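In: prediction below, plus the sequence it came from.
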Amino acid sequence: MTSAPSIKSVDDQAMIRLVETARERLVYVAPGVSEQMSRALATAWCRLGDRMAVVLDADPGCCRLGYGTEAGLKALHEAAAGLGAVVAHQPHLRIGVIITEHETMIFTPSPLLIEGGAHSNRERMRSRCQDRRPRRWRMTSASDPEE
């Protein structure tokens, strides 16, 4: 049996496609949001209603660094308000997570400031968990004698 790689590079379009596949639930957590992602999330919110949650770091510094755009953030807030939903805020987010009923994507957003400008196909490294649930998590420290 072959399976998709667990770690690979993705762009905004791949993340938007994942958002578009959600039919039962969607959680989007990230430092910011682009205009394209904002539109995809607004469409998903219409489809999913209260089975969807969005958490962003809406600090102006995030937009200045290039973690999303001010226009995307504003558009998403307006869409949420129109649906009676809320965009939750978590300061200092620098990692992204998208959870649907079938897949969990964990990604590291690349700020546009570091990338040297806006790119529609910005790539991010992400971990993909599709229909694979760990049976048990075990937390260890570097000084754990069993490791």
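Out: Okay, I see it.

In: in stretch 23-30, which residues are buried?
Out: Counting neighbours by 16 or more other Cβ atoms under 10 Å, one finds that the buried residues in stretch 23-30 are 26, 28-30. (Each C-beta comes from the backbone N, C-alpha and C, glycine too.)

In: between these, which sits nearest V97?
Out: V29 (4.4 Å; Cβ to Cβ).

In: is it true that that closest one touches V97?
Out: Yes - V29 is within contact range of V97, at 4.4 Å (criterion: Cβ atoms under 8 Å).

In: tell me the residues that contact both of the two, please.
Out: Listed contacts common to V29 and V97 are nil; contacts here mean Cβ atoms under 8 Å, 6 or more residues apart in numbering.

In: in helices only, show me the buried residues of stretch 23-30.
Out: Judged by DSSP state H, helices contain none of those.

In: out of those residues, which comes closest to R51?
Out: L26 (7.2 Å).

In: my guess is that closest one meets G49, correct?
Out: No - in this structure L26 lies outside contact range of G49 using Cβ under 8 Å: 10.5 Å.

In: shared neighbours of the two, which are they?
Out: With Cβ under 8 Å, 6+ apart, L26 and G49 have no common neighbours.

In: in the protein, which spans are strands?
Out: Taking DSSP state E, the strands of the chain run over residues 7-10, 26-30, 52-56, 87-89, 96-100, 103-107, 124-130.

In: pLDDT below threshold where in the protein?
Out: 1-2, 113-147 (pLDDT under 70).

In: one more time with 50, if that's ok
Out: The model of the chain has pLDDT under 50 over residues 115-123, 125-127, 131-147.

In: can you pull out the helices in it?
Out: Under DSSP H, the chain gives helices at 12-21, 35-48, 60-65, 70-83, 112-115.

In: pick the most buried one from these.
Out: Highest mean neighbour count of the helices of the chain: helix 35-48, a mean of 19 (counted as mean count of other Cβ atoms under 10 Å).

In: just checking, what packs against that one?
Out: helix 12-21, strand 26-30, strand 52-56, helix 70-83 (3 or more Cβ pairs under 8 Å, 6 or more residues apart in numbering; DSSP states H and E).

In: that'll do, ta.
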